[in-house]
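Undergrad: this one's sequence-less:
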């Protein structure tokens, strides 16, 4: 017997990632991923049903999608040849996958069969003279679906609209069978789970889905060859290159902080883990799906108030902490387009800037309604209930005609005018004589990135469902025993990236508002996502509290913007992102704005440096904490002792499915020569069905509560 106990604090390594997808081919397909057959459409003709698929990716290699799609056609190229009116059918493929891959013009294709041929049509081929018809068969290339197949000579796919391709004959699910099947020969009704020869076939519910319902609002395009009617069998391929970003370099000019003297180094009196004695004044930031319907409504109403209230009127009504919503979009744009270089992204300054940014937003939110208590966050390791719903943030992609977000509490959330930036001129330019703000806005006039061509007056999304971040990935970064640079690299460079994957996955490539790097706060999801990143930062600081006196080795000079393999150009060095420099000095944060000191304090107008953020917004000094810090002895001699996950509050969730904090599905692969039984936490998960040979591996899936120890037990029997 083999037995192993995994303690909760041990960080696991993710071996693979489960991907899912939806495929619709008129009429039948076979789908391969990285050279392995994943699924074959069980229905050869109609109904025109979508098939949901699930498959494993190793998380490292390129992702190669290969689909053979066959539009039904006889040897003449016609269908319904058993009737008096044969016709040419039109083929089409549309698919989307959970990693954000969708069918687009970037896919390549190879036409295997085409007909009737031009020559046979010239010789008299028609629907009334099928004997004269012929098709060209160019043969199927050997191993066309393999990962290393060279498809460079293949042609680009042609895209079609839904109106051109059509959704066909809608399937119906009887509860046990897939129905509305018809014959390709004479259009006769075949009933349920029957092929054209009268043989019973097996079709599951996941293989009998309505394609328009699942893919009608997708950003995917219908694909086919250049001749929709006469290209009959087509092979499609698409490769998503794996990103293997390098570890961010540590420049030779970087000075490690010893902080034994003054001059901006953290002060033991205010910054050490033992400096604070009580968490009584720390407000609590909660996971947004743990809020009651009433609590969530207060949050959304306050954000709408910020959106609809101008600066002067808001300060009069709500006090000096108030800021309009577009103030934050403009401030983000200013930092991104700073003449010295981006002050807010892809450098060590990313989290110091964004932590201050979210805190300033929280101060404004609480100025409108202090009963909210704290800025909620979105835990992206939890899948259900989905945040992209009528209850929370509306749909992605947007369900409006132009993929505008027209549902949920932020339906038709306005995007401001680029000129609104000028209304906040009193806040910038005074502390950054060495820098200018280069934001001018796009030609559309909206408050979006300067290259944006989106002309909608409300938020648009071109993406899909959020990327579910594996809990092990999250914990790896939160528990990393390394420098600030190493922690931030972990946050950014993962596959999927804890930070960037949500912007791309939800906003969608092509300029969706959450994807626009200049003005992504236009989408209300932004603050909730970045509050969650700040939560990871706090966990990291808590776990590495011994590094506080060296400011977690945040670069004192020589700060660099590094690409992590995802930004164009080489790593570059510029000013504004070093330890004792002002955070985004051209439009800075002040201690008073962030609520770090009272407005009446003499230092309220002091601008905040990166060192200040590390110190004054550390777990033991920040004016806020997080709901899952409840078990931490944060203010004793050992601030890392006793940390644990708190229970979800008993307050009812706005949706029927409450968040299960920490609950997760674990998958694995087991190979035993010859036969095994596998138990997890005392429960039988799987028994190898083969007693001797072949020597096969078995894939397993099981649930972990996210709290208890993980106990693996395997009985393995060599046949004798």
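TA: Nice, I can see it. Treat the numbers as computed from the prediction; the structure is a model and nothing was measured.
Undergrad: where along the stretch 201-350 of the chain do the helices fall?
TA: Under the criterion DSSP state H, counting those that start in this stretch, helices of the stretch 201-350 of the chain are mapped to 211-215, 268-271, 293-308, 311-318, 325-336, 349-368.
Undergrad: what's the fifth one packed up against?
TA: In other words, helix 325-336. When contacts are defined as 3 or more C-beta pairs under 8 Å, 6 or more residues apart in numbering; DSSP states H and E, helix 325-336 packs onto helix 293-308, helix 349-368. Every residue, glycine included, has its C-beta placed from N, CA and C.
Undergrad: can I assume residue 357 is in contact with residue 332?
TA: Yes: using C-beta atoms under 8 Å, residue 357 makes contact with residue 332 at a distance of 7.1 Å.
Undergrad: mutual contacts of those two, please.
TA: Jointly contacting residue 357 and residue 332 under the rule C-beta atoms under 8 Å, 6 or more residues apart in numbering are residue 344.
Undergrad: coming back round to it: can you lay out the helices of the stretch 201-350 of the chain as TSV showing mean neighbour count?
TA: Listed next are these as TSV, based on neighbours: other C-beta atoms under 10 Å:
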stretch	mean neighbour count
helix 211-215	18
helix 268-271	14
helix 293-308	17
helix 311-318	15
helix 325-336	25
helix 349-368	24
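Undergrad: any idea which of the ones you listed scores lowest on pLDDT?
TA: When the helices of the stretch 201-350 of the chain are compared by mean pLDDT, helix 268-271 comes last with a mean of 59.
Undergrad: which strand or helix spans residue 702?
TA: Assessed by DSSP states H and E, residue 702 sits inside strand 698-704.
Undergrad: what count of nearby residues applies to the nearest residue to residue 138 once chain neighbours are set aside?
TA: Leaving out its chain neighbours, the residue that sits closest to residue 138 by C-beta to C-beta, 6 or more residues apart in numbering is residue 112, at 5.8 Å. By other C-beta atoms under 10 Å, 21 other residues sit near residue 112.
Undergrad: columns distance to residue 101 on top of the helices of the stretch 201-350 of the chain, output as JSON lines?
TA: Converted to JSON lines, these look like this (distance: least, C-beta to C-beta, whole Å):
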{"stretch": "helix 211-215", "distance to residue 101": "13"}
{"stretch": "helix 268-271", "distance to residue 101": "46"}
{"stretch": "helix 293-308", "distance to residue 101": "32"}
{"stretch": "helix 311-318", "distance to residue 101": "43"}
{"stretch": "helix 325-336", "distance to residue 101": "27"}
{"stretch": "helix 349-368", "distance to residue 101": "27"}
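Undergrad: which SS state does the residue nearest to residue 138 fall under?
TA: strand (DSSP: H, G, I helix; E, B strand; the rest coil).
Undergrad: I'd guessed it sits against residue 154; true?
TA: No: if you go by C-beta under 8 Å, residue 112 and residue 154 don't touch, sitting 11.7 Å apart.
Undergrad: just to revisit the earlier point, nearest to residue 509, of the helices and strands packed on helix 325-336?
TA: helix 349-368 (21.4 Å; C-beta to C-beta).
Undergrad: now do that closest one and helix 325-336, the angle between them.
TA: With axes from the mean of the first three to the mean of the last three C-alpha atoms, to 10 degrees as the basis, helix 349-368 and helix 325-336 are set at 170 degrees to each other.
Undergrad: quick one: list the elements packing against helix 349-368.
TA: So helix 349-368, by 3+ C-beta pairs under 8 Å, 6+ apart, packs with helix 293-308, helix 325-336, helix 484-493, helix 525-543, helix 610-616.
Undergrad: what is the mean pLDDT for the third one?
TA: The pLDDT scores in helix 484-493 average 87.
Undergrad: possible to save the helices and strands packed on helix 325-336 as JSON lines with distance to residue 402?
TA: Formatted as JSON lines, the helices and strands packed on helix 325-336 follow (distance: least, C-beta to C-beta, whole Å):
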{"stretch": "helix 293-308", "distance to residue 402": "20"}
{"stretch": "helix 349-368", "distance to residue 402": "28"}
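Undergrad: show me where pLDDT drops low in this structure?
TA: 1-17, 243-280, 429-434, 558-573, 629-665, 706-707 (pLDDT under 70).
Undergrad: let's see 50
TA: 1-16, 243-265, 277-280, 431-433, 564-570, 630-662 (pLDDT under 50).
Undergrad: dump the residue contacts of the closest residue to residue 26 other than its chain neighbours.
TA: Counting by C-beta to C-beta, 6+ apart, residue 26 lies nearest to residue 92, which is 4.7 Å off, once chain neighbours are set aside. Neighbouring residues of residue 92 by C-beta under 8 Å, 6+ apart: 24, 25, 26, 71, 160, 165, 166, 222, 223, 224, 228.
Undergrad: and the gap between residue 92 and residue 42?
TA: Distance, residue 92 to residue 42, using C-beta to C-beta, to the nearest Å: 19 Å.
Undergrad: check residue 437 too.
TA: 59 Å.
Undergrad: who's more crowded, these two?
TA: Between residue 437 and residue 42, residue 437 has the larger neighbour count (other C-beta under 10 Å), namely 21 against 17.
Undergrad: show the contacting residues for the more buried one.
TA: Residue 437 sits next to 334, 337, 338, 339, 421, 428, 429, 586, 587 when contact means C-beta under 8 Å, 6+ apart.
Undergrad: can you list those residues in a markdown table and add distance to residue 183?
TA: Shown next, in a markdown table, are the contacts of residue 437 (distance: C-beta to C-beta, whole Å):
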| residue | distance to residue 183 |
| --- | --- |
| 334 | 65 |
| 337 | 62 |
| 338 | 66 |
| 339 | 69 |
| 421 | 64 |
| 428 | 71 |
| 429 | 74 |
| 586 | 71 |
| 587 | 68 |
